[in-house]
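# Just to be clear, the model below is a prediction. Sequence and coordinates:
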Amino acid sequence: MYFRLSLKIRLDRIVIIPTYNEKENVEAIIRAVMGLPQLLHVLIIDDGSPDGTAEIVKDLQQEFAGLLFLEERRGKLGLGTAYIHGFRWCLERGYRFICEMDADFSHNPADLVRLCDACDTGGADVAVGSRYVKGGKIENWPWDRIFLSKGGALYTRIITFIPVRDSTAGFVCYRREVLESINFDAINFEGYAFQIEMKFAAWKLGFKITEVPITFIDRQLGNSKMNKGIIKEGILGVLKLKWQSMFKNYSNKVKNVADTSGSVYPERV
């Protein structure tokens, strides 16, 4: 009975971790997730890392057979498309709770348990690991990154009215019903704007979003993927979301509808 219960928990929960040149972090982050008291599957989406990140994952798959999965893509195709690829993969395999997090330990793997529990027993449809609610905080970030992040979150709330304090957060757990309801082909952004748009779409479709306080710690190894293009996309993307929600039926735009073949998860080409 214990074995069957443990297996059920493992099949329920998975975390998607996109990687690009994360050889310094990928083994450690996988081992940290695998060591949690509530075991999760791990799906690595690697965008052709030239530093050998995928090879490290392949070696670990022998140790974590049936728990660790790898999807390799050709070249750096963007964070948003990596997550959408992962969402489709997880939905096709029946996972109930689908998480996303960074590979660089800026998100504490131990907090995955609280995010999953918020959706499993806490009544949330989407649980956001939040830096900007009571109990949340940031460590080791320079003042300009903090200003940019807090300013972006406040800007998003003012423009869109979304009731989320940390809308750019990339540490999230979704119930499968949320992801099943979203038309991924209508999600157009990648960096900060992707994270905002996913939460905005879930909110517009009537799902409950809960923020779980976390401590966000700046990466110690590897290089940040932040750039001016991502920041620009975030600023313009928020305005575009607001425009669409004012003058178009945004809910219908992002609501998933099964096609005539019976598949609701067509692969984007």
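Nice, I can see it. Numbering: from 1, shown residues only.
# Extract the C-alpha set from stretch 109-120 and format it as CSV.
Output of stretch 109-120 as CSV, limited to C-alpha atoms (Å, rounded to 0.1, in the frame of the first residue of the first chain):
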residue,chain,number,x,y,z
PRO,A,109,13.3,23.6,-4.5
ALA,A,110,11.9,23.0,-1.0
ASP,A,111,9.2,25.5,-1.7
LEU,A,112,7.8,23.3,-4.4
VAL,A,113,6.0,21.3,-1.7
ARG,A,114,4.1,24.4,-0.5
LEU,A,115,3.2,25.5,-4.1
CYS,A,116,1.8,22.0,-4.9
ASP,A,117,0.0,21.8,-1.6
ALA,A,118,-1.6,25.2,-2.3
CYS,A,119,-3.2,23.8,-5.4
ASP,A,120,-3.8,20.3,-4.0
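# Would you mark the buried spots in it?
For stretch 109-120, a neighbour-count test (16 or more other C-beta atoms under 10 Å) marks P109, D111, L112, R114, L115, C116, D117, A118, C119, D120 as buried. C-betas here are computed from N, CA, C, even on glycine.
# quick one, strands of this protein?
13-19, 41-46, 68-72, 97-100, 126-130, 137-139, 172-175, 209-213, 215-217 (DSSP state E).
# what's the angle between the third one and strand 41-46?
Put plainly, it is strand 68-72. 20 degrees (axes from the mean of the first three to the mean of the last three C-alpha atoms, to 10 degrees).
# So which elements touch strand 68-72?
Packed against strand 68-72 by the contact rule (3 or more C-beta pairs under 8 Å, 6 or more residues apart in numbering; DSSP states H and E) you find strand 41-46, helix 53-63, helix 79-92.
# Most tightly packed of these?
Burial of the helices and strands packed on strand 68-72 is given as mean neighbour count (mean count of other C-beta atoms under 10 Å); strand 41-46 ranks first at a mean of 24.
# any idea of the mean pLDDT for that strand?
Averaging pLDDT along strand 41-46 yields 98.
# Against which helices or strands is it packed?
strand 13-19, helix 26-34, helix 53-63, strand 68-72, helix 79-92.
# The same query, at a cut-off of 6 Å, please.
The contact analysis (3 or more C-beta pairs under 6 Å, 6 or more residues apart in numbering; DSSP states H and E) places strand 41-46 against strand 13-19, helix 53-63, strand 68-72, helix 79-92.
# Kindly provide the distance from P213 to E72.
35 Å (C-beta to C-beta, to the nearest Å).
# closest to L40 among the buried residues of stretch 109-120?
Distance to L40, by C-beta to C-beta, is smallest for L112 among the buried residues of stretch 109-120, at 6.4 Å.
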